[in-house]
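J.: please work out how this folds:
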Amino acid sequence: MSRVWVRAHVVRVTNGRTAVAKLRDQFRKLFKGLALAGGFVSALTAIGIAALNYRSFDTADTFTSYTYSAVGTGLKVRTVGAWSQSGRISIAVSNHGYIQQFIPAPLPADGYHYSSQPAYIPVALMNKGAWLGFMWFWNSSMTPIGGKNMQTYSLQVFAPHWFYGCLLSIPSILWLFSAIRKRRTVRRALSQLCVHCGYDLRASPERCPECGRAREPVPPSTPVPISA
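T.: I've put the predicted structure just below:
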């Protein structure tokens, strides 16, 4: 009876380990798929940023979001937007208030808006006061709106297109380095070399005498050449 219980226990443990290994493999495949998709999307986005940079010297593209809320008898307007022009991308966040009799009309509709027009700021003016194409403005004050004191502010950050292109291409660069490293590891393992330092392991099948690390087996999905 005890032998049967031991066998059953060993089977359960083995099945449990197999299930954990399968789950681990599924997570690895999912992570690899997400990494591949992220690298592909980031590469496409970087290409889009490059195209937007080329377009920005002729056309100014603006993406803006407006949110309105009443403050007493006044109106609070929160604006979040980005525009591309003359080799720069500007991201702006502002919070303004208007007294009832000074509310401009017509106001843009609540929500997201896109507009384009010919570029109206010369490149020389955009470069004035900028450091490597970077520049920012900040303004804040307390304004009485609708019988209440409301903090109004405006933040605008300028950065060149190449900065956003480099930033968005980081996932694709990391994926490329990972693929190159994996290919190098497989090639070294198939050539009976240490996958860490490249030392010849034909005379040392268990451990590398150069770096001291244990020899790693060839990945199971990799075809191993048959020697004559």
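
J.: what comes up buried for the strand or helix carrying residue 181?
T.: Here residue 181 is covered by helix 170-190, with elements defined by DSSP states H and E. Of the residues in helix 170-190, those buried by neighbour count under the rule 16 or more other Cβ atoms under 10 Å are 171-172, 175, 185-186, 188-189. In short, each C-beta sits where N, CA and C put it, glycine included.

J.: output the lowest mean pLDDT helix or strand found in this structure.
T.: For the chain, scoring each helix and strand by mean pLDDT, DSSP states H and E identifies helix 123-127 as the least confident one, at a mean of 67.

J.: mind checking what helix or strand follows that one in sequence?
T.: As assigned by DSSP H and E, the chain's next helix or strand after helix 123-127 is strand 135-145.

J.: so what secondary structure elements neighbour that next one?
T.: Contact here means 3 or more Cβ pairs under 8 Å, 6 or more residues apart in numbering; DSSP states H and E; on that basis strand 135-145 packs against strand 74-85, strand 88-98, strand 148-160.

J.: including mean neighbour count, distance to residue 119 and mean pLDDT, could those go into JSON lines?
T.: Putting the helices and strands packed on strand 135-145 into JSON lines (neighbours: other Cβ atoms under 10 Å; distance: least, Cβ to Cβ, whole Å; pLDDT from 0 to 100) gives the following:
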{"stretch": "strand 74-85", "mean neighbour count": "18", "distance to residue 119": "5", "mean pLDDT": "86"}
{"stretch": "strand 88-98", "mean neighbour count": "18", "distance to residue 119": "10", "mean pLDDT": "85"}
{"stretch": "strand 148-160", "mean neighbour count": "15", "distance to residue 119": "14", "mean pLDDT": "82"}
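
J.: residue 206 is nearest to which of those strands?
T.: Judged by Cβ to Cβ, the one of the helices and strands packed on strand 135-145 that comes nearest to residue 206 is strand 148-160, at 53.3 Å.

J.: other residues contacting that closest one?
T.: Residues from elsewhere that reach strand 148-160 (Cβ atoms under 8 Å, 6 or more residues apart in numbering): 53, 71-72, 74, 76, 87-97, 126, 130, 132-144.

J.: who does residue 157 bridge with?
T.: Legend: beta-bridge partners of residue 157 under DSSP bridges are residue 91, residue 136.
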